[in-house]
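Peer 1: here's my sequence, what's the structure:
(one chain, ligands or ions: 3)
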Amino acid sequence: MADGQSLEEPPKVKKAKGKTPTGPLFTLKKWNAVAMWSWDVECDTCAICRVQVMDACLRCQSDKKQEECIVVWGECNHSFHNCCMQLWIKQNNRCPLCQQEWTVQRFGS
Ligand SMILES: [Zn+2]
Ligand SMILES: [Zn+2]
Ligand SMILES: [Zn+2]
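Peer 2: Numbers count the residues shown, from 1 in each chain. Ligands and ions are numbered 1, 2, ... in the order given. Below you'll find the predicted structure:
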């Protein structure tokens, strides 16, 4: 006799809507900001002193020797202050941004 089986379903415990913070949105936002920042740096900010290459570098600003602070472009198309780069390549003859061997492409101002 198997008739005694009850059809009663076990009560489903509904999980309360817990607040689970959704990560993806947050991450995307953050990633975006970082990407924009690094693009900006590669284009017109000297990665060594963090000053715009159009302006004099920190050292020249404090020495008030603005006319001597020229911009140098490497073969990798990254640009820096020439005086920052002169100091940098004494330590490490590579582009600070892309780590390629540093070769001067042209100077500008
Ligand atoms: Zn600089
Ligand atoms: Zn300078
Ligand atoms: Zn580079």
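Peer 1: where does the protein dip in pLDDT?
Peer 2: The chain contains residues with pLDDT under 70 at 1-7, 10, 13-43, 65-67, 109.
Peer 1: change it to 80
Peer 2: Judged by pLDDT under 80, the chain has its weakly predicted residues at 1-43, 63-68, 109.
Peer 1: interface residues of this structure facing ligand 1?
Peer 2: Proximity of the chain to ligand 1 (Cβ under 5 Å from the ion) is limited to residues 46, 48-49, 57, 81, 84. For every residue, glycine as well, the C-beta is placed using N, CA and C.
Peer 1: neighbour count and secondary structure for the residues you listed - can I get that in a markdown table?
Peer 2: Output for those, formatted as a markdown table (neighbours: other Cβ atoms under 10 Å; DSSP: H, G, I helix; E, B strand; the rest coil):
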| residue | neighbour count | secondary structure |
| --- | --- | --- |
| Cys46 | 27 | coil |
| Ile48 | 17 | coil |
| Cys49 | 21 | coil |
| Cys57 | 26 | coil |
| His81 | 26 | strand |
| Cys84 | 24 | helix |
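Peer 1: ok, Cys76 to Glu101 distance?
Peer 2: Distance of Cys76 to Glu101, given as Cβ to Cβ, to the nearest Å: 9 Å.
Peer 1: now for the two: what residues contact both?
Peer 2: Here Cys76 and Glu101 have Cys95 as joint contacts, going by Cβ atoms under 8 Å, 6 or more residues apart in numbering.
Peer 1: out of these two, name the residue with the larger neighbour count.
Peer 2: Cys76 (17 against 10; other Cβ atoms under 10 Å).
Peer 1: which ones are touching the more buried one?
Peer 2: 95, 97-98, 100.
Peer 1: assumed Gln105 was part of a strand.
Peer 2: Yes - under DSSP: H, G, I helix; E, B strand; the rest coil, Gln105 sits within a strand.
Peer 1: pull the number of nearby residues for it.
Peer 2: Gln105 has 13 nearby residues by other Cβ under 10 Å.
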